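Novice: Here is my input; please provide its structure:
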Amino acid sequence: YLELEHAAWVRTSFSCPYRCRFCHRNRMNGGVYSARDIADVVEEIEEIKAENIYLCDDDFLFDEDRLWEFVRLVKEKNLQKNYICYGRADFIARQETLMKALKEIGLYYVLVGLETIRDDVLKDYEKRSDVNANVKSIQICNSLGIHLMGMFIVGLEDKPKDFRMLYKFVKENHLRHVAISIYTPEMGLENFAEYESRLITDNPSHWDYLHLVAKPKYMGVRRYYFHYYLLLIRLFLKAKREGVYDFIDYGDYIRSFIKNMFQNKRENDDE
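Specialist: Numbering: from 1, shown residues only. Now for the predicted structure:
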């Protein structure tokens, strides 16, 4: 969603109503999900001059009735905006008619935690969704012209073939916008103890979802980074072929990936 410049942030709810094992967002707001009155939200948007609105809730696509009221009020006020929001694949898969209505009032990007292409991993994450929902959500957004940003996590138990299969999934399902993070055990979550003995750094800046902070199970650190950055480069080359983000200097990004790959090798030399 880099091409949507000068987006104004609007929060319409606090915390997350789901309890995924890898995420701390449901601990926010005292662990209680609460939503603003949607009429108040639309009034706030009406006062904003920016054309692009980032609805920065942890999950905006949650309450079907509330979203239909959002559509009605935006139409009533004839607001001409582009919207970016987070949503879940299983909701999108169930709500094609609602997604079409949201597209009609300006939904441009939806950021979706697809997480993985394996049902067993989704179950372990307690995601309460499945790969079929992931595929259907991509199909629905593609058919409606909504840009779906698929956000994936490469796990610490992944093998080289898992990186290759993820690229294959992205390609076969015509997913144009992708973000890949590295599984990062978060302090304060129940499963942090499972990884504590495998931690390889105490540098706070490495808890950015782009660095390994715990030792992978089936690969050394250097080999893991090699497959991670190779996946990123392949995805960037795919995006370049498809004309995604034409304003980006892809050569510059790829050179940066390669530089970071060798930098991370030096910092985490385990072999």
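Novice: so the spatially most central residue of the chain, which of the three states?
Specialist: In the chain, the residue lying closest to the centroid (Cα atoms, centre = their mean) is residue 151, at 3.2 Å. Recorded secondary structure, residue 151: strand (DSSP: H, G, I helix; E, B strand; the rest coil).
Novice: Touching, it and residue 113? I think so.
Specialist: Yes. The criterion here is Cβ atoms under 8 Å, and residue 151 meets it with residue 113 at 5.0 Å. In this view, the C-beta of every residue, glycine as well, is placed from N, C-alpha and C.
Novice: what is the mean pLDDT for the longest helix that the chain contains?
Specialist: Ranked by number of residues, the top helix in the chain under DSSP state H is helix 221-241. Helix 221-241 shows a mean pLDDT of 93.
Novice: swap in stretch 256-269?
Specialist: Mean pLDDT, stretch 256-269: 64.
Novice: What of stretch 53-65?
Specialist: So the average pLDDT for stretch 53-65 ends up being 97.
Novice: what about the longest helix of the chain, distance to the chain center?
Specialist: In terms of Cα atoms, centre = their mean, to the nearest Å, the centre of helix 221-241 is set 17 Å apart from its chain centre.
Novice: who does that helix touch, helix- and strand-wise?
Specialist: With contacts taken as 3 or more Cβ pairs under 8 Å, 6 or more residues apart in numbering; DSSP states H and E, helix 221-241 sits against helix 160-172, strand 177-182, helix 250-267.
Novice: Mind checking those for the one nearest to residue 123?
Specialist: helix 160-172 (16.1 Å; Cβ to Cβ).
Novice: Need the mean per-residue confidence for that closest one.
Specialist: On average, helix 160-172 scores 98.
Novice: angle of that helix against strand 177-182?
Specialist: Using axes from the mean of the first three to the mean of the last three Cα atoms, to 10 degrees, the inter-axis angle of helix 160-172 relative to strand 177-182 is 160 degrees.
Novice: List the buried residues in helix 160-172.
Specialist: 162, 163, 166, 167, 169, 170 (16 or more other Cβ atoms under 10 Å).
Novice: Also stretch 79-86?
Specialist: 79, 81, 82, 83, 84, 85, 86.
Novice: How far off centre is it?
Specialist: In terms of Cα atoms, centre = their mean, the centre of stretch 79-86 is found 17 Å from the chain centre.
Novice: if we look at that stretch, which residues are touching it?
Specialist: Outside stretch 79-86, the residues that touch it by Cβ atoms under 8 Å, 6 or more residues apart in numbering are 1, 4, 7, 42, 45-46, 50-61, 74, 102, 105-113.
Novice: Extract the C-alpha set from it and format it as PDB.
Specialist: Output of stretch 79-86 as PDB, limited to C-alpha atoms (Å, rounded to 0.1, in the frame of the first residue of the first chain):
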ATOM      1  CA  LEU A  79     -17.500  10.400   1.400                       C
ATOM      2  CA  GLN A  80     -14.900   9.800  -1.300                       C
ATOM      3  CA  LYS A  81     -12.000   8.100   0.400                       C
ATOM      4  CA  ASN A  82      -9.700   5.200  -0.100                       C
ATOM      5  CA  TYR A  83      -9.600   2.800   2.900                       C
ATOM      6  CA  ILE A  84      -6.900   0.500   4.200                       C
ATOM      7  CA  CYS A  85      -7.700  -2.000   7.000                       C
ATOM      8  CA  TYR A  86      -6.800  -5.300   8.600                       C
END
